[in-house]
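In: Predicted model, plus sequence, below.
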Amino acid sequence: MRVFVSYATRDNPVAERICQQLSAAGIRCWLDNFEVLPEADWLKEAATAVRESSHGLFLLSPAAIKSPSAMKEYRDMLALEKPTYVAMIEPVEPDDLPYDLRTAHTFDLVKDFEGGLNRLKAALQDNQGAVKVDEEPANRDITITLQANLTDLDTNKLVELIARLVDVGIKDIKVVNVSTR
């Protein structure tokens, strides 16, 4: 087992503490500040580690949900169908959670760090409690209409936005050109 740990940079002290305790329990962790050399291409190293890891761990905090790289790593782990776990390390307002994290089983390390971490260790060792890609609410029927002036729009950003919407399960996307000419 090798667990890729995704987190916001500012949460590094907590990430290190969690990895040390997981390692002491015989669970190998991949943590960027331990594994990536200063001269290495961080993005390439992280992408390789996500692919090569057997499991994922997303450390949930307000900073993590605002971190494009942490959220991309989380979604990449899910897309690659890695058993992925979510551990809340700092309180997050429910309305601030991205849609795909609202229904995720979360190990609470805020109220009881040691107890939550012990439950996480046991779940990792038993392969239980991971987020599953197919765990979608039964009544999920969302239609999105994007209105944009397509003549002035950055096509790459539009494609990236649509890809993100598809990644979170939105299948019905309509783009309407509202050209000002």
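Out: Thanks, I have it. Numbering: from 1, shown residues only.

In: Are we agreed that G115 is in a helix?
Out: Yes: under DSSP: H, G, I helix; E, B strand; the rest coil, G115 sits within a helix.

In: Tell me how the chain divides into domains.
Out: 2-126, 143-177 (automatic domain parsing).

In: Just name the most buried of those domains.
Out: domain 2-126 (a mean of 17; mean count of other CB atoms under 10 Å). Any C-beta I mention is one placed from the backbone N, CA and C, and that applies to glycine too.

In: Start and end of that domain, how far apart?
Out: 14 Å (CA to CA, to the nearest Å).

In: just to revisit the earlier point, so can I have CSV of the domains of the chain showing mean pLDDT?
Out: Converted to CSV, those look like this (pLDDT from 0 to 100):
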stretch, mean pLDDT
domain 2-126, 86
domain 143-177, 77
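
In: what about the strands in this structure?
Out: Along the chain, the segments classed as strands by DSSP state E run 2-6, 28-30, 55-60, 84-88, 106-108, 143-148, 172-177.

In: Convert the last one to PDB, retaining C-alpha atoms only.
Out: It refers to strand 172-177. The C-alpha trace of strand 172-177 is given here as PDB (Å, rounded to 0.1, in the frame of the first residue of the first chain):
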ATOM      1  CA  ASP A 172     -26.300  18.000 -19.600                       C
ATOM      2  CA  ILE A 173     -24.300  21.100 -20.600                       C
ATOM      3  CA  LYS A 174     -25.500  23.600 -23.100                       C
ATOM      4  CA  VAL A 175     -23.400  26.500 -24.500                       C
ATOM      5  CA  VAL A 176     -25.200  29.500 -25.800                       C
ATOM      6  CA  ASN A 177     -23.400  32.200 -27.900                       C
END
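
In: Name the surrounding residues that touch that strand.
Out: Applying CB atoms under 8 Å, 6 or more residues apart in numbering, the contact partners of strand 172-177 are 141-150, 158, 162, 165-166.

In: what's the answer for the fifth one, then?
Out: Applying CB under 8 Å, 6+ apart, the set of residues contacting strand 106-108 from outside is 60, 85-88, 116-117, 119-120, 123, 129.

In: Pick out whichever of these sits closest to V3.
Out: V3 has its nearest neighbour among the contacts of strand 106-108 in Y85, at 8.0 Å by CB to CB.

In: now stretch 67-85, how far from the chain's geometric center?
Out: Chain-centre distance of stretch 67-85: 4 Å, with CA atoms, centre = their mean, to the nearest Å.

In: ok, now stretch 156-166?
Out: Worked out by CA atoms, centre = their mean, stretch 156-166 lies 17 Å from the chain centre.

In: Noted, bye for now.
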